[in-house]
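Asks: My questions are about this predicted structure, shown below with the sequence.
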Amino acid sequence: MEFVANIVVTLKPSVLDPQGNTVKEALHSMGYNSVEDVRMGKFMELTISADSEQKALDLAHDVCNRLLVNPVIETYTLSLKAQTGGAV
């Protein structure tokens, strides 16, 4: 069975985000003054072949913890869904 894991990696709140700050300043210069903060991150999508949803979820968490996320400065959220028929 195939599953799709969507992973969003962001900097921890205590870590400065100069790229996010630059985007915020650009938005303010364009007149979007109601934007109070911008935090930048990364999005990844993994297609996983596994016997069960739990095995796919465990594998996705393992990949995040071992390769995709620097736990010192980053955190992540993960959602998993079974892939059906066509493109995702």
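Replies: Nice, thanks for sending it over. Remember, it's a predicted structure, so these values are computed and weren't measured experimentally.
Asks: Wasn't R66 part of a helix?
Replies: Yes: assigned with DSSP: H, G, I helix; E, B strand; the rest coil, R66 falls within a helix.
Asks: tally of neighbours for it?
Replies: 8 (other CB atoms under 10 Å). The way it works is simple: take the backbone N, C-alpha and C, and place the C-beta from them, glycine included.
Asks: Apart from its neighbours in sequence, what residue is nearest K12?
Replies: Nearest residue to K12, sequence neighbours excluded (CB to CB, 6 or more residues apart in numbering): T75, at 5.5 Å.
Asks: Okay, and the beta partners of that neighbour?
Replies: Beta-bridge partners recorded for T75 (DSSP bridges): T10.
Asks: Could you check how far it is from N6?
Replies: Note on T75: its distance to N6, by CB to CB, to the nearest Å, is 15 Å.
Asks: V15 is in contact with T75, isn't it?
Replies: No: with contact defined as CB atoms under 8 Å, V15 does not count as touching T75 (9.7 Å).
Asks: more neighbours, those two?
Replies: The residue with more neighbours, out of V15 and T75, is T75; 16 against 13, by other CB under 10 Å.
Asks: Can you list the residue ranges for helices in this structure?
Replies: Along the chain, the segments classed as helices by DSSP state H run 18-29, 53-63.
Asks: Most tightly packed of those helices?
Replies: helix 53-63 (a mean of 16; mean count of other CB atoms under 10 Å).
Asks: Other residues contacting that one?
Replies: By CB atoms under 8 Å, 6 or more residues apart in numbering, the surrounding residues in contact with helix 53-63 are 1, 3, 5, 7, 46, 48, 50, 78, 80, 82.
Asks: Repeat that for stretch 19-38.
Replies: Residues external to stretch 19-38 that are found in contact with it (CB under 8 Å, 6+ apart): 11, 17, 39-40.
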